[in-house]
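Peer 1: I'd like to go over a predicted model; first the sequence, then the structure.
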Protein chains: 2
Amino acid sequence: MSKPTLKSVAKALGVSTATISNAFNRPDQLSVALREKVLSACAELGYDGPNKAAQSLRKGSSGIVAVILSDSLEYMVSDPVASQFLQGVARELERQQKHLLLFSGSSTNLDTITDFVDGFICYGAPRNLRLIEQLRQCPKRVLTVDFDLPGRPSVNIDNEQAAYDSAMAVLKPNDVVAVLGLRLIDALDSRPVADAPMWDNLSSVSHRRLDGYQRAMGELGLTLADDALWHIPESNQHFAEVAAKAVLSQSPRPTVLLCMSDLIGLSAMRVALQLGVQIPEQLRVVGFDGIEETLRYHPTLSSVWQFSDKKGEAAARAFQSGQDDNQLLPYELRLGESS
Amino acid sequence: MSKPTLKSVAKALGVSTATISNAFNRPDQLSVALREKVLSACAELGYDGPNKAAQSLRKGSSGIVAVILSDSLEYMVSDPVASQFLQGVARELERQQKHLLLFSGSSTNLDTITDFVDGFICYGAPRNLRLIEQLRQCPKRVLTVDFDLPGRPSVNIDNEQAAYDSAMAVLKPNDVVAVLGLRLIDALDSRPVADAPMWDNLSSVSHRRLDGYQRAMGELGLTLADDALWHIPESNQHFAEVAAKAVLSQSPRPTVLLCMSDLIGLSAMRVALQLGVQIPEQLRVVGFDGIEETLRYHPTLSSVWQFSDKKGEAAARAFQSGQDDNQLLPYELRLGESS
DNA sequence: TCATATATCTTAATGCATTAAGATGGTAGC
DNA sequence: GCTACCATCTTAATGCATTAAGATATATGA
């Protein structure tokens, strides 16, 4: 006997297909007694719910939301900011009884599954240009986070203003400034940006933050030396330490480090302390993101808190609600001992 | 106007729906002239092929094969053995015009997508018990690689015999033996197995290999000391070096190292050389898997070559062909300077 | 020239499920 | 006792596509 279907189960029970369907989807449409009879019969016959493909076809939606992570899944799970975001998305999606399908940005064949999902939430600007093109042309709903796609809704914070605020909070006249930036150019190792072409992909967060830093510096009459702007390919300890070591060995030594993530900021402080540089007397540091570890570390790190879990929830909610604007979430500047 | 469908396109062109469908799926069923007219009309109307959900429903298959990787995706891409396997699968699937959907073993909701895929190729025994249960009960085709699931087809090599062969090739009477094993117990760091409960998950490859080692040792009258059997949680340099250092510091120092992967073998040789232990005079080493790096390294590493790319192809082919047996692929023992 | 084979396109049944609208029987109100 | 309404279930249209079988017209062969 082939796999049971709604129809075969209905016939076996002597009821209509609508009844079986309702037993699964709209319990209020039939008596409890009958519903339980149906459900137990289904279990017995090995029928485990309506076929998703048919359901998706009929309803026009599958209840599956694909989340595309720009970086590798591994990184995303280990990075506290990203994993908090993911938890927020998962929480909100569960609340809405939706399912979550996870993709890494290296996925290249969206066509394969576009018809099976309700749309995409894309976290972070993908490096993969083909993927970006596919997202642009995707007929399904697409919502971006931490970057913008023309004509698509997005969830973000005002990175320029936040960066400006954070810089203004630590900078003093006559400071020597260095910026430890994240993914500014197309290189896989930590290095000074120098005159490498900026990888300005969809006005990514990093460039907005850089703009904010520079606005603040401009107002204070400070300039950024050519070798004081560093590119870090991925927000982790190793890459951050390489950059921090290099920058703190320069002369004149920076008196302020503007860091585009908290992991970078913490790593920089570790390096500074190893080098015997006093914080905040000789060096002030400010991070970005707002993760718990900045509070446990000593000295505590000043940072822009952006509440990634809320961001995840907001993204999932905005995805569902259908609102098409570019939403800016609140952030909060919290000063620690590092400034 | 809503999204175009087969029907709407057919009406717009004044032909039947069958013609449009054939234009996409069976070009031989209509004249080239008409086919091109149809295709260009589709492009103009913004119709990009038959809806996959409907197609899947009608055809009973979607052409998507899901590959589940027991470890994290990141690890899989970096590990040469796994990534070769993946390449083999991808190559064969492409040949069959199928699509590949990648999952990590931490995925827990197969139900979400079972109706959308033709089945699962599962590489390596998942740690996630819920996932294993889902695979057992999955109504779709499931093929396992490097482990077995009762009643399911699998692709593998004869790990017991291969391990036996490799051990026999390096062992001599009176040897002191240590085993650097992979994922033998449920621990996330490198450590001696001692009396921790063996994590015998679905007769995984590691336990088969251990059986092979021990059969060989038995025949030579050798025994494995309690602290000479080590568990390594993941096949990478760091974890391997920790274990190798510990084992090579024991007294009496081992004269043979049986390693369950080449990465482990190579790391162990690196450690040995650092410690001033001569290979092969004072220590013989044998690995497992067969990766190119073993040939470039000096001394070259003896190993069991299992041709992971072929394994990937074989898995994809077996998945497709419908054969339901437990296939054993050939392996090859290649001796290097390490023994 | 007639019968037959070929190429090309259409008809209609089918896959599995959802859901608005209709049918049925019972209960409450007066 | 009659009407109105409610709870409960069924009917039937619908979503988007595939494909075997049927319908034409054109070409082939004797």
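Peer 2: Great, that's in hand.

Peer 1: contacts and neighbour counts: CA atoms only from here.
Peer 2: Fine.

Peer 1: for the record, mean pLDDT for the helix or strand encompassing A:Arg58?
Peer 2: Assessed by DSSP states H and E, A:Arg58 sits inside helix A:52-59. Averaged over helix A:52-59, pLDDT sits at 96.

Peer 1: In its sheet, which strands sit next to the helix or strand following it, and in what direction?
Peer 2: With elements assigned by DSSP H and E, the helix or strand that comes after helix A:52-59 is strand A:64-69. Strand pairing for strand A:64-69, using DSSP bridges, gives strand A:99-104 (parallel), strand A:119-123 (parallel).

Peer 1: And the contacts of the helix or strand following the longest one?
Peer 2: Yep, that's strand A:99-104 we're talking about. Next along the chain after strand A:99-104, taking DSSP H and E as the criterion, comes helix A:111-114. The contact list for helix A:111-114 (C-alpha atoms under 8 Å, 6 or more residues apart in numbering or on different chains) reads A:138, A:140, B:52, B:64, B:99.

Peer 1: Could you do stretch A:91-100 as well?
Peer 2: A:63-67, A:90, A:312-313, A:316-317, B:112.

Peer 1: how about it: buried residues?
Peer 2: By 16 or more other C-alpha atoms under 10 Å in any protein chain shown, the buried positions in stretch A:91-100 come out as A:91-93, A:98-100.

Peer 1: Do a quick rundown of the helices in the stretch 101-250 of chain A.
Peer 2: A:111-114, A:129-137, A:159-170, A:205-219, A:237-248 (DSSP state H, counting those that start in this stretch).

Peer 1: and DNA strand C, which of the ones you listed is closest to it?
Peer 2: helix A:111-114 (17.0 Å; C-alpha to the nearest atom of the strand).

Peer 1: mind listing what's buried in the closest one?
Peer 2: For helix A:111-114, the neighbour count (16+ other C-alpha under 10 Å) marks A:112-114 as buried.

Peer 1: Could you do stretch A:55-64 as well?
Peer 2: Quick answer for stretch A:55-64 (16+ other C-alpha under 10 Å): A:56-57, A:61-64.

Peer 1: Mind checking if that stretch is in reach of DNA strand C?
Peer 2: Yes. Among the residues of stretch A:55-64, A:55, A:58-59 lie within reach of DNA strand C under C-alpha under 7 Å from any atom of the strand.

Peer 1: What is the nearest of these to B:Asp186?
Peer 2: The shortest approach to B:Asp186 among those belongs to A:Gln55, at 40.3 Å (C-alpha to C-alpha).

Peer 1: which residues touch A:Arg209?
Peer 2: By C-alpha under 8 Å, 6+ apart, the residues touching A:Arg209 are A:159-164, A:260.

Peer 1: Include distance to DNA strand D when you put the helices of the stretch 101-250 of chain A into CSV, please.
Peer 2: Compiled in CSV, the helices of the stretch 101-250 of chain A are given as follows (distance: least, C-alpha to the nearest atom of the strand, whole Å):
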stretch, distance to DNA strand D
helix A:111-114, 12
helix A:129-137, 17
helix A:159-170, 40
helix A:205-219, 38
helix A:237-248, 48
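
Peer 1: Mean pLDDT and distance to DNA strand C added to these, as TSV?
Peer 2: What follows is those, written out as TSV (pLDDT from 0 to 100; distance: least, C-alpha to the nearest atom of the strand, whole Å):
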stretch	mean pLDDT	distance to DNA strand C
helix A:111-114	90	17
helix A:129-137	91	25
helix A:159-170	98	41
helix A:205-219	96	39
helix A:237-248	95	48
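
Peer 1: Out of the ones you listed, the one nearest B:Thr108 is which?
Peer 2: Each of those has some distance to B:Thr108 by C-alpha to C-alpha; the shortest is helix A:111-114, at 18.6 Å.

Peer 1: per-residue pLDDT, the nearest residue to A:Trp305 once chain neighbours are set aside?
Peer 2: Take A:Trp305 and drop its neighbours on the chain: the residue closest to it by C-alpha to C-alpha, 6 or more residues apart in numbering or on different chains is A:Gly290, 4.0 Å away. A:Gly290 carries a pLDDT value of 95.

Peer 1: Outline the domain layout of chain A.
Peer 2: By the assignment in automatic domain parsing, chain A contains the domains A:6-50, A:64-156, A:159-306+A:330-334.

Peer 1: and those, which one's lowest on average pLDDT?
Peer 2: domain A:64-156 - the lowest mean pLDDT of the domains of chain A, at a mean of 89.

Peer 1: now it: how far from the chain's centre is it?
Peer 2: 9 Å (C-alpha atoms, centre = their mean, to the nearest Å).

Peer 1: Straight-line length of that domain, end to end?
Peer 2: End-to-end distance for domain A:64-156: 23 Å, by C-alpha to C-alpha, to the nearest Å.

Peer 1: and what of stretch A:250-270?
Peer 2: With C-alpha to C-alpha as the measure, stretch A:250-270 spans 17 Å from end to end.

Peer 1: hmm, back to that, next, format the contacts of stretch A:91-100 as JSON lines and append distance to B:Ala10.
Peer 2: What follows is the contacts of stretch A:91-100, written out as JSON lines (distance: C-alpha to C-alpha, whole Å):
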{"residue": "A:Gly63", "distance to B:Ala10": "30"}
{"residue": "A:Ile64", "distance to B:Ala10": "30"}
{"residue": "A:Val65", "distance to B:Ala10": "31"}
{"residue": "A:Ala66", "distance to B:Ala10": "31"}
{"residue": "A:Val67", "distance to B:Ala10": "35"}
{"residue": "A:Ala90", "distance to B:Ala10": "41"}
{"residue": "A:Gly312", "distance to B:Ala10": "42"}
{"residue": "A:Glu313", "distance to B:Ala10": "42"}
{"residue": "A:Ala316", "distance to B:Ala10": "37"}
{"residue": "A:Arg317", "distance to B:Ala10": "38"}
{"residue": "B:Thr112", "distance to B:Ala10": "33"}
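
Peer 1: how many neighbours does whatever residue of the stretch 201-339 of chain A ends up closest to chain B have?
Peer 2: Proximity of the stretch 201-339 of chain A to chain B (C-alpha to the nearest C-alpha) peaks at A:Glu234, 14.0 Å away. Per other C-alpha atoms under 10 Å in any protein chain shown, the neighbour tally for A:Glu234 reads 18.

Peer 1: out of the residues of stretch A:55-64 next to DNA strand C, which touch DNA strand D?
Peer 2: Within the residues of stretch A:55-64 next to DNA strand C, those near DNA strand D by C-alpha under 7 Å from any atom of the strand are A:55, A:58.

Peer 1: Can you tell me which of the residues of stretch A:55-64 next to DNA strand C is nearest B:Thr5?
Peer 2: A:Arg58 (13.9 Å).

Peer 1: Which residues lie in contact with that closest one in this structure?
Peer 2: Contacts of A:Arg58 (C-alpha under 8 Å, 6+ apart): none.

Peer 1: Just the strands from the stretch 201-339 of chain A, written as ranges.
Peer 2: Listed in chain order, the strands of the stretch 201-339 of chain A (DSSP state E, counting those that start in this stretch) span A:229-232, A:256-259, A:284-286, A:303-305, A:326-329, A:332-334.

Peer 1: Return the set of buried residues in the second one.
Peer 2: Just to be clear, that refers to strand A:256-259. For strand A:256-259, by 16+ other C-alpha under 10 Å, it's A:256-259.

Peer 1: cool, the first one as well?
Peer 2: Along strand A:229-232, these residues count as buried under the neighbour rule (16+ other C-alpha under 10 Å): A:229-232.

Peer 1: What of the fifth one?
Peer 2: For strand A:326-329, the neighbour count (16+ other C-alpha under 10 Å) marks A:326-327 as buried.

Peer 1: helices and strands around it, which ones?
Peer 2: Other helices and strands packing on strand A:326-329, by 3 or more C-alpha pairs under 8 Å, 6 or more residues apart in numbering or on different chains; DSSP states H and E, are strand A:154-157.

Peer 1: Need the contact partners of the strand it packs on.
Peer 2: Defining contact as C-alpha under 8 Å, 6+ apart, one finds that strand A:154-157 is touched by A:143-148, A:306, A:311, A:314-315, A:324-331.
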